[in-house]
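**Student:** Output the structure for:
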Amino acid sequence: MIQRPAWQLGFSDKSTIKPESYFEAIVPGAVQLDMIRKENMSPYTYASNVLKFQWMHAKFWHYTSSVHLEKVTDKIPYLIFDSIEYQYEISINNSVVKEGKGIYTPVRIDLSEHSGDQIKIDVLIYPAPVYEHAKKRNDQFSRSCKPPFAFGWDWSPRLIALGLCGDVRVEYLPMNRITDFDISYSLNEDFTEANILVDYSLSSATAPVIFELIDPSTGRVIDKSIDPKSDKGTFNIQVKSPQLWWPSGQGGQPIYTAKLTLLSDTTPHHTVTRKIGFRRVRLVTNEGTWFEQEGLPATQNKEPITAEINGRRIFAKGSNLVPFDMFPSQVSEDDYLEMIRLVKDANMNILRVWGGGYVHKESFYDICDEQGILIWQEFPLSCSSYPDDPDYLKTLEQEARSIIRKLIHHPSVTIWSGGNELFNNWSGMTSQSLALRLLNSICLELDPHTPFIYTSPLFGMGHGHYLMLDSEDHESLTTISDSKFTAYTEFGCASPSPWEYIKTFIPGSELNEPAPSGSWEIHHAFKAWHKENTWMSLDQIERFYGDDLSLPDLCSKGNLLQTLLYRYLYEEMRKHWPYTSMALNWCLNEPWPTAAGNSLLNYPAEPKPAYYGVKEALREQKYSIRIRKLLWNSGEEFRGDLWILNTSPYQIESGKAEVKVVFDEKTIETYVWEYEEIRGLKNLKGPDFVFAIPDNNSGSTEQLEITIRSLTGQNLDSSYVLLVK
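**Tutor:** Numbers count the residues shown, from 1 in each chain. Next up, the predicted model:
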């Protein structure tokens, strides 16, 4: 039995002052969303409207409700808050019963002393936790576990969600019930047996419990064990020939169901279920890195970042996931389903849940389990120096334990990370920082078989670039082609968003005059990162196409450049396997509409042209050619070796392909390539392909196309575009 109270909301300047008036609040939600409804405000996503919300961060917000508690035999009423942002004080009948901070730790209050009564519930939400002594912008969020992106990032506005962001309910739970049910397991070296350890606790020792493990293929019970009457217990189960869980593209995703049932006499009284996916994950040293030390004194080896799943080393190809929305209460399971559908359709197998954002709702991880998407999960630290402060560390420990306990059963969660860019000079943390030592120790205690890394990047990993050109005349494609990193955990290519999309949130009065002010600046086209014109990249687009383009044409050309660059960058990184083991662009999505940036999806989940370029680049098996730059001059010699890329565990048979170059509707070069069979998880480097860039007499930048087509019926065909001045 569940009751959900109806809530009223008000605000004041001090915690001790009651609001002058109250209005309807929707829970789960946020105080900002309730104010939009109350005042009939224009959407915060449009124009510069988000600036109207800044005053809300400094207020005290008062939720109030009442509920009549039923008097139910053999059941206890609990008031449960799934998630609160951020600092709160809960009162029952005007008496404070709970105070705390955090987002990820549920609050559960025993209301048994009020059974049969009408009770008044008040929740006081404190102002946004901004560190008042911050000396730089990034320090303002460094004393809390709030998602840093909410304080303003180079793709999101300053909009700090506050309120009852999770479900709130009165739930009547059995007096005699299962209070804890934890499962851990280990696989033997040849993966032929799983040893399951079951831990449980009961509210009282009234009856035995039955454990059942249900086969994902047949639905039958493959193990059934009865534990004698006890208020807590531990027992082991051996499973022969377990079906292994694999990432997408490497195998299936069988999910077992484990059930623990408390009996009353011989009748089931209370049942709790858990899902299990059997897999072993390790981070192992990248091939070839042990031998790169040059003489003595020797330094440390590059950090291991090759994902080994069930004994198989794989190439991890995916993206960085930022929050779906500025307000997590607005994200539904359908939103998660659509996002992961796009991820899987793009041939990705991993997402890095970036440390500046939210830890998602559990349904997100359920979907990743089902679809085989690996999750690199970061704790809520990013781009700042988090202190060795006891109060902060207490909250961090509380939140970390809650996060791990929520996610530990998900086979998709395969890497824990302390956070984002913590060892860089703008953060200044080290492996000796207490926050990171604490997180490592908690992960080791609660989830010892899942890898932990302190941050990204670590020694050996590539992080950046994010622009088309990294200097006036030097393409970032060339820079990255010349690089050698064990993983590319962030890399990007900024561009304007599609013109039709921009028109939905930039007012007509500003639309045709993009400038580093007003709505264009608010939506991150200008002044977003380092330089005034960083993400809009108008000057960079003009280096490729000239300065006589209209604004819609600049957007269209920028989208093409972003598409080509992302595609060629991903393929280049794949060519470095197995030395390079991971490619994650910055970034997949956005929490609100941006006029320009690096993402593959516009808010809320609208694919940009670049998304389809990445989808092509990440096909499991494909022909490829090395392309070191986009823009070519007439008469230059193009030289690029041919490749077959194979990130699947399946071999490619020997075959024959035709390589053709077409410019101005004329074939200018052809070549027939014969190759031998290629084993699974192996690439093949073929011969150099050389031709002279033809003369372009059009006076504008034109496209040259290279196609690689199978002559033996294999599904490996690819085509490439170069730009010719």
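
**Student:** Every contact and neighbour count from this point should use C-alpha atoms.
**Tutor:** Will do.

**Student:** Dig out what residue 723 forms beta bridges with.
**Tutor:** Under DSSP bridges, the beta-bridge partners of residue 723 are residue 631, residue 703.

**Student:** Which residue ranges of the stretch 551-700 of the chain form strands?
**Tutor:** When assigned using DSSP state E, counting those that start in this stretch, the strands of the stretch 551-700 of the chain occupy the ranges 582-585, 596-597, 601-602, 606-607, 621-625, 631-632, 637-646, 655-663, 666-675, 684-692.

**Student:** any low-confidence regions in the stretch 501-650 of the chain?
**Tutor:** The model of the stretch 501-650 of the chain has no residue with pLDDT under 70.

**Student:** Swap in 80 and give it another go.
**Tutor:** Applying pLDDT under 80 to the stretch 501-650 of the chain flags residues 530-533.

**Student:** residue boundaries of the helices in it?
**Tutor:** With DSSP state H, counting those that start in this stretch as the criterion, the stretch 501-650 of the chain has helices at 508-511, 518-522, 538-545, 551-575, 609-617.

**Student:** distance between the second one and the chain's centre?
**Tutor:** A distance of 27 Å separates the centroid of the chain from that of helix 518-522, by CA atoms, centre = their mean, to the nearest Å.

**Student:** Pop the domain breakdown of the protein in here.
**Tutor:** With automatic domain parsing as the criterion, the domains of the chain are listed as 2-174, 178-276, 315-326+343-359+369-456, 462-618, 621-724.

**Student:** for those, which one sits closest to residue 288?
**Tutor:** Nearest to residue 288 among those is domain 462-618 (6.2 Å), distances taken as CA to CA.

**Student:** closest one to residue 521 among the strands of the stretch 551-700 of the chain?
**Tutor:** Shortest distance between residue 521 and the strands of the stretch 551-700 of the chain, using CA to CA, is found for strand 596-597: 10.0 Å.

**Student:** before we move on, what SS does the residue lying closest to residue 188 once chain neighbours are set aside have?
**Tutor:** In this structure, residue 188 finds its nearest non-sequential neighbour in residue 194, 6.6 Å apart by CA to CA, 6 or more residues apart in numbering. Of the three states, residue 194 takes strand according to DSSP: H, G, I helix; E, B strand; the rest coil.

**Student:** residues touching residue 194, list them.
**Tutor:** With contacts defined as CA atoms under 8 Å, 6 or more residues apart in numbering, residue 194 is in contact with 185, 186, 187, 188, 238, 239, 240, 241, 242, 278.

**Student:** Any idea what it is bridged to?
**Tutor:** Here residue 194 sits in beta bridges with residue 187, residue 239, going by DSSP bridges.

**Student:** before we move on, what SS does residue 708 have?
**Tutor:** Bear in mind the rule, three-state DSSP; under it residue 708 is strand.

**Student:** nearest residue to it other than its sequence neighbours?
**Tutor:** Nearest residue to residue 708, sequence neighbours excluded (CA to CA, 6+ apart): residue 659, at 4.5 Å.

**Student:** For the one you found, give the beta-bridge partners.
**Tutor:** When bridges are called by DSSP bridges, residue 659 pairs up with residue 671, residue 708.

**Student:** contacts for the strand or helix carrying residue 320?
**Tutor:** Assigned by DSSP states H and E, residue 320 falls within strand 316-321. Counting by CA under 8 Å, 6+ apart, the neighbours of strand 316-321 from elsewhere in the structure are 307, 343, 348-354, 490, 581-589, 618.

**Student:** Please name the residues that touch residue 377.
**Tutor:** Applying CA under 8 Å, 6+ apart, one finds that residue 377 lies in contact with 352, 353, 354, 355, 359, 413, 414, 415, 416, 417.

**Student:** Kindly recompute the last result at 10 Å.
**Tutor:** Contact analysis of residue 377 by CA atoms under 10 Å, 6 or more residues apart in numbering lists 321, 351-355, 359-360, 403-404, 407, 412-419, 452.

**Student:** Now, of these, which are buried?
**Tutor:** If you count burial by 16 or more other CA atoms under 10 Å, the buried members of those come out as 321, 351-355, 359-360, 403-404, 407, 412-419, 452.
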